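J.: A predicted structure for the sequence below; I have some questions about it.
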Amino acid sequence: MKIDKILDEAISGERISFDEGVALLKSGDLLSLGEAADEITRRLHPEDYRTFIVDRNINYSNICVSGCKFCAFSVQKGDERAYVLTNEELAEKIEKTLSLSGTQILLQGGLHPDFKLPFYEDMLKFIKGFGVHIHGFSPPEIVHFANLNGLTIKETIERLRKAGLDTIPGGGAEILSDRCRKFLSPKKCTSEEWLEVMRVAHSLGMCTSATMMFGHIETLKERVEHLEQVRSLQDESLKKSRGYFTAFIPWTFQPKNSRLALEVPEGKWPVGGVEYLRMLAVSRIYLDNIKNIQASWVTQGAKIGQLALRFGANDLGSTMIEENVVAAAGVSFRMSKQEMIHLIDDLGYRAQQRDTYYNLIKPKSMAASQPGSRPADKTSPPSSSNP
């Protein structure tokens, strides 16, 4: 299969096939992949700026029954390290975020064995009182809430939304292959359940993001299987629903302190910058119906994060005022708002702060953000030449 032909077709707006996606991931020509992804990005984003968001990841608890082999953050109930944040602790974190011009709280925790839905509804109402956008509860959490409370996925999302949930992050996707999931996280939701949460959220008019954690036991075909399922659901949502995936964020598995690192031969990981950029570029090329691709500087560092903006990403992601899960795996990259602005400016773009829906925020008028508002027309997803 000729790589140049595939890339030329993609640049012209044609949709590439599953087999072509696999061929691109096998390609050793990283620069050609990057150039094609960058050309597609500039077609979708001809503006002279690139974006970032100021937000905080709040892990409201680290107690989790999932037992994922790749996770170095969660603990079992009763562990001396176990915690559940109080309202006072939440308030302190939120107020600090707002003082730094933050507009979003990314709210995630473990699959707690006991907490029923009213606990989460009360927490959402409390956080919403600060007027901040809540991007919260990954699909595995929502499936867990539904099962624990004897509710459907739709009923669960509707109640969370009424309590203050605005959008849903794409966490817990890992690789949307049940072969991988049965080994990595057998107690977590299946691929279809992950997709169903997003399908239902979109049908209710909610926007979500999609993610991929790669570089562990998955095959290249399983990576493309993941991309294909995300692309297919986006096609469905754009036709039937008001909600859709606003962005795709691939990042690399971080092995330190995880059980998985003990079960797979040493030397297989961690995935480095070259493989990350290859996967990022192919994601941009393959996902022709998702407008925004986000860089993952949290796992790769500032310089690779900057380079990602030439390999298919149009967004540098979050300032990550707080991040605990990746840090628990021994990765401690940090970047201030000023550093993010410098990295974007250094590439020749203007740096622009955005909100969750990729609407721009004017520096002197934070009120223009209006957390929780629907995306403007200009941020709607691109139409595919082959939907």
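T.: Structure received. Predicted model only: the values in this text are computed from it and were never measured.
J.: from here on, just use CA atoms for contacts and neighbour counts.
T.: Will do.
J.: for Lys77, what are phi and psi?
T.: phi -60, psi 130 (degrees, to the nearest 10).
J.: dump the residue contacts of the closest residue in space to it that isn't next to it in sequence.
T.: Leaving aside its sequence neighbours, Lys77 sits nearest to Ile63 (Cα to Cα, 6 or more residues apart in numbering; 5.7 Å). If you count contacts by Cα atoms under 8 Å, 6 or more residues apart in numbering, Ile63 has them with 74-77, 82-84, 109-112.
J.: try Arg181
T.: Contacts of Arg181 by Cα under 8 Å, 6+ apart are 174-175, 188, 190-191.
J.: I'd like the distance between the closest residue to Val271 other than its chain neighbours and Glu35.
T.: Leaving out its chain neighbours, the residue that sits closest to Val271 by Cα to Cα, 6+ apart is Gly215, at 5.6 Å. Gly215 sits 23 Å away from Glu35, going by Cα to Cα, to the nearest Å.
J.: of the contacts of Ile63, closest to Arg284?
T.: Set against Arg284, the nearest of the contacts of Ile63 by Cα to Cα is Gly109 (29.1 Å).
J.: my guess is the closest one contacts Asn59. True?
T.: Yes. If you go by Cα atoms under 8 Å, Gly109 and Asn59 touch, sitting 4.9 Å apart.
J.: in the chain, which helix is the longest?
T.: helix 220-240 (DSSP state H).
J.: for the stretch 1-150 of the chain, just list every one of the strands.
T.: Using DSSP state E, counting those that start in this stretch, the strands assigned to the stretch 1-150 of the chain run over residues 49-53, 55-59, 104-108, 133-136.
J.: low-confidence ranges in the stretch 251-387 of the chain?
T.: Along the stretch 251-387 of the chain, the parts satisfying pLDDT under 70 run over 255-270, 322-334, 363-387.
J.: where exactly do the strands run in it?
T.: Going by DSSP E, counting those that start in this stretch, the stretch 251-387 of the chain shows strands at 292-293, 315-318, 350-353.
J.: give me whichever of these is most buried.
T.: The highest average neighbour count among those, using mean count of other Cα atoms under 10 Å, belongs to strand 292-293 at a mean of 28.
J.: direction included, what does it pair against?
T.: Paired neighbours of strand 292-293 in the sheet (DSSP bridges): strand 245-252 (parallel).
J.: send me the partner strand as CSV with only the CA atoms.
T.: Presented in CSV, the C-alpha positions along strand 245-252 are these (Å, rounded to 0.1, in the frame of the first residue of the first chain):
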residue,chain,number,x,y,z
PHE,A,245,-17.3,14.8,20.3
THR,A,246,-15.6,18.2,20.5
ALA,A,247,-12.1,16.7,20.5
PHE,A,248,-9.8,13.7,20.5
ILE,A,249,-6.9,13.3,22.9
PRO,A,250,-4.4,10.4,22.5
TRP,A,251,-1.8,9.9,25.3
THR,A,252,0.8,7.3,26.2
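J.: next, the angle from it to helix 220-240.
T.: On the basis of axes from the mean of the first three to the mean of the last three Cα atoms, to 10 degrees, strand 245-252 is oriented at 170 degrees to helix 220-240.
J.: in strand 245-252, which residues are buried?
T.: 245-252 (16 or more other Cα atoms under 10 Å).
J.: Arg223: how many residues sit nearby?
T.: Arg223 has 23 neighbours, counted by other Cα atoms under 10 Å.
J.: now do the same contact list for the closest residue in space to it that isn't next to it in sequence.
T.: Of all residues not flanking Arg223 in the chain, Ile175 sits nearest, at 6.7 Å (Cα to Cα, 6+ apart). Applying Cα under 8 Å, 6+ apart to Ile175 gives the contacts 181, 212-214, 218, 222-223, 226.
J.: wait, a strand at Ile175?
T.: No. Counting by DSSP: H, G, I helix; E, B strand; the rest coil, one finds Ile175 to be coil, located in no strand.
J.: just the pLDDT for it.
T.: pLDDT recorded at Ile175 is 94.
J.: phi, psi for it please.
T.: phi -120, psi 130.
J.: so where's the stretch 101-250 of the chain uncertain?
T.: In the stretch 101-250 of the chain (pLDDT under 70), no residue qualifies.
J.: where along it do the helices fall?
T.: 117-128, 139-149, 153-163, 178-184, 191-203, 220-240 (DSSP state H, counting those that start in this stretch).
J.: in JSON lines: the ones you listed, plus distance to Gln104.
T.: Listed next are the helices of the stretch 101-250 of the chain as JSON lines, based on distance: least, Cα to Cα, whole Å:
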{"stretch": "helix 117-128", "distance to Gln104": "11"}
{"stretch": "helix 139-149", "distance to Gln104": "19"}
{"stretch": "helix 153-163", "distance to Gln104": "16"}
{"stretch": "helix 178-184", "distance to Gln104": "30"}
{"stretch": "helix 191-203", "distance to Gln104": "19"}
{"stretch": "helix 220-240", "distance to Gln104": "24"}
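J.: out of these, nearest to Ile341?
T.: Going by Cα to Cα, the one of these nearest Ile341 is helix 117-128, 28.2 Å.
J.: show me what counts as buried in that closest one.
T.: Here helix 117-128 shows 117, 120-121, 123-124, 126-128 as buried, counting by 16+ other Cα under 10 Å.
J.: which strands or helices does that helix pack on?
T.: In terms of contacts (3 or more Cα pairs under 8 Å, 6 or more residues apart in numbering; DSSP states H and E), helix 117-128 is packed against helix 87-99, strand 133-136, helix 153-163.
J.: nearest to Asp55, out of those?
T.: helix 87-99 (6.6 Å).
J.: quick one: mean pLDDT for the closest one?
T.: pLDDT averaged over helix 87-99 gives 94.
J.: just to revisit the earlier point, which of the residues in the longest helix of the chain are buried?
T.: Buried residues in helix 220-240 (16+ other Cα under 10 Å): 220-231, 233-238.
J.: equivalent analysis for stretch 207-221, please.
T.: 207-218, 220-221.
J.: Throw the buried residues of strand 245-252 into JSON lines and include distance to Arg278, thanks.
T.: Below are the buried residues of strand 245-252 laid out as JSON lines (distance: Cα to Cα, whole Å):
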{"residue": "Phe245", "distance to Arg278": "22"}
{"residue": "Thr246", "distance to Arg278": "22"}
{"residue": "Ala247", "distance to Arg278": "18"}
{"residue": "Phe248", "distance to Arg278": "15"}
{"residue": "Ile249", "distance to Arg278": "14"}
{"residue": "Pro250", "distance to Arg278": "11"}
{"residue": "Trp251", "distance to Arg278": "12"}
{"residue": "Thr252", "distance to Arg278": "12"}
